[in-house]
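> Structure for the following, please:
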Amino acid sequence: MSTLTPQQLVAAQQAGLETLFGLTNKAFEGFEKLVALNLQVGKATLAESQEILTKAVSSGNPGELFALQASLAQPTAEKVAAYGRQVHEIVSGVQSEISAAATAQTQQFQRDAQGFVESLQKNAPAGSESAIAAWSSVFSAANASYESANKAAKQFVTSVSTVQ
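Next up, the predicted model:
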């Protein structure tokens, strides 16, 4: 009967680690983008606040101060909306990349598992048909469960994305 060799186990572990570090790097890239965006927004807000306060202090007329305050409401709302869109784009991009990598990894696992079962079927001794059938059944059930969970996760992500 065919069994996994130590080299195959090492290769599988190495592939898993590479995937883990790849996904971790993607997450950190997204975090870096969010930090850069927040720094940019913070600097712009500080500069705008300084300009507004300078105008407010130099204005001796309370009417001008109220007019200044009213004129800032619309641009502020637009900036908040633009910020929200940028955050959503960054998070969606990272989520998409991680989802694609996870899907590819799962598909590879499914192919490897199917190959393992086929190898068992080819090299199984006589009389082990029921054990091989049980292994096939377990892998089929696992694949069906994965597909169901994957569909549910995609529906959840879609519903969360549309709410935002």
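> secondary structure class for residue 127?
Classification of residue 127 using DSSP: H, G, I helix; E, B strand; the rest coil returns coil.
> what about residue 112, distance to residue 106?
From residue 112 across to residue 106, the span is 11 Å (CB to CB, to the nearest Å). Backbone N, C-alpha and C define where each C-beta goes, glycine included.
> Residue 61 now?
Relative to residue 106, and taking CB to CB, residue 61 is found at 66 Å.
> Tell me which of the two has more neighbours.
For the pair residue 61 and residue 106, the greater number of neighbours falls to residue 106 (14 against 8), based on other CB atoms under 10 Å.
> and the most centrally placed residue in the chain, what pLDDT?
Nearest residue to the geometric centre of the chain (CA atoms, centre = their mean): residue 95, 2.1 Å. Per-residue pLDDT puts residue 95 at 87.
> which SSE is it in?
Element membership for residue 95, per DSSP states H and E: helix 62-123.
> what packs against that helix?
Helix 62-123 sits against helix 6-58, helix 129-163, with contacts defined as 3 or more CB pairs under 8 Å, 6 or more residues apart in numbering; DSSP states H and E.
> got the angle for that helix vs helix 6-58?
With axes from the mean of the first three to the mean of the last three CA atoms, to 10 degrees as the basis, helix 62-123 and helix 6-58 are set at 180 degrees to each other.
> for the chain, which spans come out with low pLDDT?
Counting by pLDDT under 70, the chain contains low-confidence ranges at 1-5, 9, 150, 153-154, 156-164.
> switch to 50 and redo it
Counting by pLDDT under 50, the chain has low-confidence residues at 1-2.
> if I look at residue 107, how far off is residue 89?
Separation of residue 107 from residue 89 (CB to CB) stands at 27 Å.
> for residue 51, same thing?
When distances are taken as CB to CB, residue 51 and residue 89 turn out to be 28 Å apart.
> Also residue 140?
As judged by CB to CB, residue 140 and residue 89 stand 39 Å apart.
> Same question for residue 134.
From residue 134 across to residue 89, the span is 48 Å (CB to CB).
> ok, now residue 43?
With distances defined as CB to CB, the gap from residue 43 to residue 89 amounts to 20 Å.
> same deal with residue 47?
In this structure, residue 47 and residue 89 are 24 Å apart, going by CB to CB.
> swap in residue 149?
Applying CB to CB, the value for residue 149 to residue 89 is 27 Å.
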